[in-house]
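[1] model this:
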Amino acid sequence: MKKFLILSLSVLLILSLSACSTNNDELNEPEIPIDETPIENPDNGNTTEPEPEENYTKEVTLYFANNDYVETGNEEYDWLIEEKREINFEGTTLEEAVVRELMKGPVDTENMSTGFPSTVKLIDVKVDENKTCYVNFAQDGLYGGSMEESYIIAQVVNSLVGLDSVDRVQFLIDGKPAETLMGHISIEEPFESFE
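    Alright, predicted model coming up:
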């Protein structure tokens, strides 16, 4: 009887262990099957990263004629005065915006003025890979004395070479090289500065 009892207990123990292992397997399996189908984008995969907003304003240093020098011719005065200005160049290049601001004239009209007559027309401003900036004026309306011509060249050159993108300035008239702007100063070679 003892053998029967041991044998019965052994069978019961084996059955219990196998029942436990079956229950463990059932516990590890999820009750709901997982759907591994990828979820489609509601915009059919046409998502685009938002582009970073570009800043089209920059503070630049513009050069204008010193009214004290213009009125007196006194060499003790600087002939150019700096004016810091925040400019907007959306829809154009920074370089072209600088020249257009010079043409508008200074904010401080009591102490400064621009050498640009109102008749001057800017066609465009472009910079090549060598950092040469081409400033292209129309021949029509481009006339004046040597002082106006000096100020136009000095204002444009000194303002543009202050930008990181420009090392030298070449003037063009109607898209072509020319000898002078107004008949007084050679513009055949690019300027790196104009004093």
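
[2] show me the strands in this protein, by range?
    57-66, 80-88, 112-113, 122-127, 132-137, 168-173 (DSSP state E).

[3] mean confidence score for the shortest one?
    If I follow you right, that is strand 112-113. For strand 112-113, the mean pLDDT works out to 96.

[4] before we move on, what about stretch 185-193?
    Averaged across stretch 185-193, the pLDDT comes to 94.

[5] so what pLDDT did residue 182 get?
    Looking at residue 182, its pLDDT stands at 93.

[6] likewise residue 132?
    Per-residue pLDDT puts residue 132 at 97.

[7] that one contacts residue 172, doesn't it?
    No: contact criterion CB atoms under 8 Å: residue 132 and residue 172 do not qualify, at 11.2 Å. In short, each C-beta sits where N, CA and C put it, glycine included.

[8] go ahead and name everything in contact with stretch 83-103.
    Residues from elsewhere that reach stretch 83-103, judged by CB atoms under 8 Å, 6 or more residues apart in numbering: 56-64, 106-108, 112, 114, 116, 120, 122, 124-127, 133, 135, 155-156, 159-160, 163, 165-166.

[9] now, of those residues, which are buried?
    Listed as buried from the contacts of stretch 83-103 are 60, 62-64, 106, 112, 114, 116, 120, 122, 125, 127, 133, 135, 155-156, 159-160, 163, 166; burial here means 16 or more other CB atoms under 10 Å.

[10] just the helices in this structure please.
    For the chain, the helices defined by DSSP state H occupy 2-28, 67-72, 94-104, 146-160.

[11] of those, which shows the lowest average pLDDT?
    Across the helices of the chain, the stretch with the lowest average pLDDT is helix 2-28; it has a mean of 49.

[12] quick one: residue 70 and residue 142, what's the gap?
    For residue 70, the distance to residue 142 (CB to CB, to the nearest Å) stands at 20 Å.

[13] with neighbour numbers in mind, choose between the two.
    Taking neighbours as other CB atoms under 10 Å, residue 70 and residue 142 compare with residue 142 leading, 20 against 15.

[14] where does that one land on pLDDT?
    Looking at residue 142, its pLDDT reads 91.

[15] ok, it - contacts?
    For residue 142, the contacting residues are 119-121, 173, 181-182, by CB under 8 Å, 6+ apart.

[16] before we move on, what about residue 140?
    Counted by CB under 8 Å, 6+ apart, residue 140 has contacts residue 121.

[17] make it 10 Å
    Remark: with contacts taken as CB atoms under 10 Å, 6 or more residues apart in numbering, residue 140 is in contact with 119-121, 173-174.

[18] go on, residue 149?
    Residue 149 sits next to 115, 142-143, 180-185, 187 when contact means CB under 10 Å, 6+ apart.
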